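Student: below are the sequence and a predicted model for it; my questions follow.
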Amino acid sequence: MSARPTVRVVIVNWRNPALTLRAARSVAPQLGSGDHLVLVDNGSGDDSVAVIGGGLDSLRGAAAGARVSLVESPVNAGFGAGVAAGAGGADEDAIALLNNDAIVDDGYLDALLAPLGTTRGGAEVGATTALILLSGTWRPLADGEDRPHLVARDGARWTRLSDDEAGEGAVLVNSTGNLVDASGNGYDRDWLSPARGLDAPADVFGVCGGACAVSRRAWEAVGGIRTDLFMYYEDTDLSWRLREAGYAAVYVSGAVARHDHAASSGTGSPMFLRVNARNRLVVAAEHAPARVVVSALARSLARAARAGFRGPGARGVREGLAGMPRALRARRRRRRG
């Protein structure tokens with residue numbers, strides 16, 4: 001049996017060193033000689049560097065000969081910039097990304113890396129994406145019930161069971177890969193689907209950046225991850241560029257990660273609303289078919305109008321409009337080859 005590809009695992013921290021170390025501890029025992037675990041502190045400005053630094057020896061002991069490093073960024077330039085700092089100069093066969101608010105099951109890396117470099121549908125597999133499950137168990141939200149919950153694409157609402165609640169809840173899916181709809185929205189395939197009985201196909205548009213791997217050849221061919229989006233849509237952009245370069249992405253059901261959804265930045269926060277609205281427009285303008293760009297623009301303007309062109313979402317739309325000329329120029333350059 002041939003050895004699996006060597007891998008550089010990159011985990012980005014921002015002001016949550018305990019979560020970051022938890023993620024690192026889950027993957028460290030799966031590393032071996034030739035691998036490299038890189039923890040990136042993204043300019044936290046708190047005790048993150050000291051706390052993570054204090055855990056490095058333990059991680060090295062668990063990592064069976066793999067290198068373990070801490071990269072300190074002086075500023076928080078966003079998720080993509082943090083990943084780029086951690087992946088810089090990689091000489092391993094693959095780069096794997098893991099959110100700091102996720103942990104992985106046994107056998108995760110072997111399963112995630114195995115398809116890289118194989119052929120699927122006539123294309124080289126350049127990227128793989130994991131089965132990401134939401135941490136905990138969940139139940140449908142009752143009518144009139146007021147408690148934190150998540151909303152599925154079909155409108156179904158799910159709330160997480162607390163430790164002291166009786167009853168058996170469902171394990172839910174966070175992602176089986178990345179899809180893009182007709183309005184340019186990047187979203188997680190199978191979001192909030194029950195994990196029991198899941199039968200997601202291996203072929204998928206792209207990767208979820210929370211738990212994925214990219215071969216170094218594919219990573220270098222597309223120029224790595226984008227660093228100017230700050231957060232959100234980096235994985236959608238990367239997926240577009242991989243497809244444009246002729247690489248396939250594959251979902252790997254045997255690579256299981258468990259994610260504390262929005263533990264690092266809430267999806268209802270002003271930051272999320274602004275950046276998500278901006279990046280949806282910019283990434284669509286650079287990569288999507290013209291009809292998708294037009295739909296993304298129309299829907300974004302409609303949302304902003306409903307908000308009276310006020311608030312973080314409307315600000316994001318304005319920023320996206322300002323960034324579209326540059327995105328369209330990049331689109332033309334890429335298509336000229």
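Tutor: That came through fine. Predicted model only: the values in this text are computed from it and were never measured.

Student: going forward, measure contacts between C-alpha atoms and count neighbours the same way
Tutor: Noted.

Student: residues near the residue nearest to Asp110 when sequence neighbours are not counted, how many?
Tutor: Of all residues not flanking Asp110 in the chain, Arg4 sits nearest, at 6.6 Å (Cα to Cα, 6 or more residues apart in numbering). Arg4 has 15 neighbours, counted by other Cα atoms under 10 Å.

Student: look at Arg4 and tell me its secondary structure.
Tutor: Three-state call for Arg4 (DSSP: H, G, I helix; E, B strand; the rest coil): coil.

Student: do the same with Ser183
Tutor: Secondary structure for Ser183, judged by three-state DSSP, is coil.

Student: number of residues surrounding it?
Tutor: Using other Cα under 10 Å, Ser183 has 20 neighbouring residues.

Student: and the residue nearest to Asp110, what does it touch?
Tutor: For Arg4, the contact set (Cα atoms under 8 Å, 6 or more residues apart in numbering) comprises Asp110, Leu113, Ala114.

Student: how about the first one, phi and psi?
Tutor: Main-chain torsions, Asp110, degrees, to the nearest 10: phi -60, psi -50.

Student: PyMOL command for the buried members of the contacts of Arg4?
Tutor: Only the buried entries of the contacts of Arg4 go into this PyMOL selection, using 16 or more other Cα atoms under 10 Å:
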select buried, resi 110+113
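
Student: can I get the contacts of Arg4 in JSON lines including pLDDT?
Tutor: Formatted as JSON lines, those follow (pLDDT from 0 to 100):
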{"residue": "Asp110", "pLDDT": "98"}
{"residue": "Leu113", "pLDDT": "98"}
{"residue": "Ala114", "pLDDT": "98"}
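
Student: pLDDT score for Glu165?
Tutor: If you check Glu165, the pLDDT there is 86.

Student: an error on my part: the question was meant for Gly268.
Tutor: Confidence score, pLDDT, at Gly268: 72.

Student: just checking, what packs against the helix ranked longest in the chain?
Tutor: Taking DSSP state H as the criterion, the chain has its longest helix at helix 311-336. Helices and strands touching helix 311-336, as assessed by 3 or more Cα pairs under 8 Å, 6 or more residues apart in numbering; DSSP states H and E, comprise helix 270-287, helix 290-306.

Student: got any ranges where the stretch 151-300 of the chain has weak pLDDT?
Tutor: Low-confidence segments of the stretch 151-300 of the chain, defined by pLDDT under 70: 262-267.

Student: at 50 instead, please
Tutor: Within the stretch 151-300 of the chain, the segments meeting pLDDT under 50 span 263-265.

Student: grab the nearest non-local neighbour of the residue most central in space within the chain.
Tutor: Residue closest to the average C-alpha location in the chain (Cα atoms, centre = their mean): Gly209, at 2.0 Å. Nearest residue to Gly209, sequence neighbours excluded (Cα to Cα, 6+ apart): Asp235, at 5.1 Å.

Student: residues contacting the one you found?
Tutor: By Cα under 8 Å, 6+ apart, the neighbours of Asp235 are Asn178, Gly206, Val207, Cys208, Gly209, Ile225.

Student: adding secondary structure and distance to Ala77, write the residues you listed out as a markdown table.
Tutor: Shown next, in a markdown table, are the contacts of Asp235 (DSSP: H, G, I helix; E, B strand; the rest coil; distance: Cα to Cα, whole Å):
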| residue | secondary structure | distance to Ala77 |
| --- | --- | --- |
| Asn178 | strand | 24 |
| Gly206 | strand | 24 |
| Val207 | coil | 22 |
| Cys208 | coil | 20 |
| Gly209 | coil | 17 |
| Ile225 | coil | 13 |
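
Student: and these as TSV, adding distance to Leu150?
Tutor: Below are the contacts of Asp235 laid out as TSV (distance: Cα to Cα, whole Å):
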residue	distance to Leu150
Asn178	18
Gly206	23
Val207	21
Cys208	18
Gly209	20
Ile225	28
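
Student: of the residues you listed, which is the nearest to Asn185?
Tutor: Of all the contacts of Asp235, Asn185 sits closest to Asn178, with 10.2 Å by Cα to Cα.

Student: domain ranges for this protein?
Tutor: The record's domain parsing of the chain by automatic domain parsing lists 7-132+197-259, 270-336.

Student: among the helices and strands packed on helix 311-336, show me which one is buried the most.
Tutor: Highest mean neighbour count among the helices and strands packed on helix 311-336 (mean count of other Cα atoms under 10 Å): helix 270-287, with a mean of 24.

Student: and the residue lying closest to Phe205 once chain neighbours are set aside, how far from Val222?
Tutor: Leaving aside its sequence neighbours, Phe205 sits nearest to Leu179 (Cα to Cα, 6+ apart; 5.5 Å). Distance from Leu179 to Val222, counting by Cα to Cα, to the nearest Å: 19 Å.

Student: more neighbours: the two, which one.
Tutor: When neighbours are counted by other Cα under 10 Å, Leu179 and Val222 differ, and Leu179 comes out ahead with 20 against 17.
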